[in-house]
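Q: got a predicted structure plus its sequence, pasted below:
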Amino acid sequence: MKTNIEERACDLAAYIIESRATVRAAAKRFGISKSTVHKDISTRLEDINRPLYLRVKEILEFNKAERHIRGGMATREKYKKQP
């Protein structure tokens with residue numbers, strides 16, 4: 001299903017804001033690449049809808065700040081499961 005780029009960027013932003021999703025989760029949900037999600041959110045949305053961009057930017061910055069913690073937890077779980 002092809003959609004308008006501006007509409008897709010707004011839909012992505014709304015999804016990320018309501019679910020506090022990561023770029024990876026949003027990409028999986030919409031069936032597009034992480035690069036496309038990042039481009040839509042960080043570049044295109046700023047020109048389309050500045051207030052929406054500012055709200056989603058806060059969530060993305062939070063996710064970026066805590067990604068090292070998620071990675072550490074995933075590694076810990078990985079090694080817990082090994083015999």
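A: Looks like it arrived, so ask away. Residues are numbered from 1 along each chain as shown.

Q: residue 28: which element?
A: helix 23-30 (DSSP states H and E).

Q: list the buried residues of the least confident helix or strand in the chain by mean pLDDT.
A: One helix or strand of the chain scores below all others by mean pLDDT, DSSP states H and E: helix 50-81, with a mean of 88. Going by neighbour count (16 or more other C-beta atoms under 10 Å), the buried part of helix 50-81 is 52, 53, 56, 57, 59, 60, 63. Just so you know, the C-beta spots here come from the backbone N, C-alpha and C atoms, and that holds for glycine as well.

Q: any idea how far residue 28 is from residue 13?
A: 16 Å (C-beta to C-beta, to the nearest Å).

Q: actually residue 76, not the one I wrote
A: For residue 76, the distance to residue 13 - C-beta to C-beta - is 32 Å.

Q: make TSV from the buried residues of helix 50-81 and add distance to residue 71 to it.
A: TSV is the format used below for the buried residues of helix 50-81 (distance: C-beta to C-beta, whole Å):
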residue	distance to residue 71
52	29
53	27
56	22
57	22
59	18
60	17
63	12
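
Q: ok, back up a step: between residue 28 and residue 13, who's got more neighbours?
A: Between residue 28 and residue 13, residue 13 has the larger neighbour count (other C-beta atoms under 10 Å), namely 24 against 13.

Q: got a list of what residue 15 touches?
A: Contact analysis of residue 15 by C-beta atoms under 8 Å, 6 or more residues apart in numbering lists 21, 26, 29, 30.

Q: could you report the distance from it to residue 83?
A: 39 Å.

Q: and the residue nearest the centre of the protein?
A: Residue closest to the average C-alpha location in the chain (C-alpha atoms, centre = their mean): residue 23, at 2.2 Å.

Q: thinking residue 63 is in contact with residue 19, fair?
A: No. Using C-beta atoms under 8 Å, residue 63 makes no contact with residue 19, being 11.6 Å away.

Q: ok, residue 30 - contacts?
A: Residue 30 neighbours (C-beta under 8 Å, 6+ apart): 8, 11, 12, 15, 37.

Q: could you redo the last one with a cut-off of 10 Å?
A: 3, 8, 11, 12, 15, 36, 37, 40 (C-beta atoms under 10 Å, 6 or more residues apart in numbering).
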